[in-house]
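Asker: Dropping the sequence and predicted coords here.
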Amino acid sequence: MAIKEANSVVSIDYELKEVGSSEVIDSSKGRMPLEFITGKGQLIPGLEAQLVGMSAGDSAKIVVPAKDAYGEYTQEGLQKLPREQFKGINLTEGMTLYGQGADGHQAEVKVVAFDDNEVTIDYNHPLAGKDLEFDVTVVSERDATYEEEATGVVGGYANCSISG
């Protein structure tokens, strides 16, 4: 069976590098494979699109351009905020901070610069503007269950526990 565009439960082993670099950015090797459901937006679009049609046991080097990964780096991602919003934080350039974004989800930002009045932060994803290379092996692939399709969670409702 091959991976479909939607509702395949896929498990992959991967190693991620920036195109042209030998430095491993992320890897599942020695850990649990990455599991996801196709068509649910759980994986960067360029990688998911190139996995479609592969089957368990298949391996490939997949290059994903920045626009199909974490997007292009934009100057709009830089923002200056009043220093008083960072009271109690010992700021250093390059440090990563976590907070809540406008959409309610966790936001990761990088401190680019700061002075006594302002802090410049970068909302761009750390991999924005980078072409990525994945060394991928499909460990398993199967059709999603009804619960997995409905919840978007591998294992569906089985992952939920209620205590009382």
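Answerer: Here it is on my side, so go on.

Asker: going forward, measure contacts and count neighbours with C-alpha atoms only.
Answerer: Noted.

Asker: can you map out the strands along this protein?
Answerer: 8-18, 24-27, 34-37, 59-64, 78-82, 96-100, 106-114, 118-122, 132-143 (DSSP state E).

Asker: Which of the ones you listed has the lowest mean pLDDT?
Answerer: With a mean of 86, strand 96-100 has the lowest mean pLDDT of the strands of the chain.

Asker: partners of it, with directions?
Answerer: If you go by DSSP bridges, strand 96-100 pairs up with strand 106-114 (antiparallel).

Asker: what sits up against the strand it pairs with?
Answerer: Contact with strand 106-114 is made by 83, 91-101, 119-125, as judged by Cα atoms under 8 Å, 6 or more residues apart in numbering.

Asker: let's see it at 6 Å
Answerer: 93-101, 119-123 (Cα atoms under 6 Å, 6 or more residues apart in numbering).

Asker: now swap in stretch 34-45 and tell me
Answerer: So stretch 34-45 is contacted by 5-12, 68-69 (Cα under 6 Å, 6+ apart).

Asker: pLDDT value on residue 1, please?
Answerer: So residue 1 comes in at 85 (pLDDT).

Asker: same question, the one 5 residues further on
Answerer: In the predicted model, residue 6 carries a pLDDT score of 95.

Asker: hmm, back to that, by neighbour count, which of the contacts of stretch 34-45 wins?
Answerer: With neighbours defined as other Cα atoms under 10 Å, the most crowded of these is residue 10; it has 25 neighbours.

Asker: which non-adjacent residue is nearest it?
Answerer: Nearest residue to residue 10 in three dimensions, chain neighbours excluded: residue 141, at 4.6 Å (Cα to Cα, 6 or more residues apart in numbering).

Asker: returning to that earlier point: mind putting the strands of the chain into JSON lines with distance to residue 44?
Answerer: JSON lines is the format used below for these (distance: least, Cα to Cα, whole Å):
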{"stretch": "strand 8-18", "distance to residue 44": "12"}
{"stretch": "strand 24-27", "distance to residue 44": "14"}
{"stretch": "strand 34-37", "distance to residue 44": "11"}
{"stretch": "strand 59-64", "distance to residue 44": "9"}
{"stretch": "strand 78-82", "distance to residue 44": "22"}
{"stretch": "strand 96-100", "distance to residue 44": "21"}
{"stretch": "strand 106-114", "distance to residue 44": "17"}
{"stretch": "strand 118-122", "distance to residue 44": "20"}
{"stretch": "strand 132-143", "distance to residue 44": "11"}
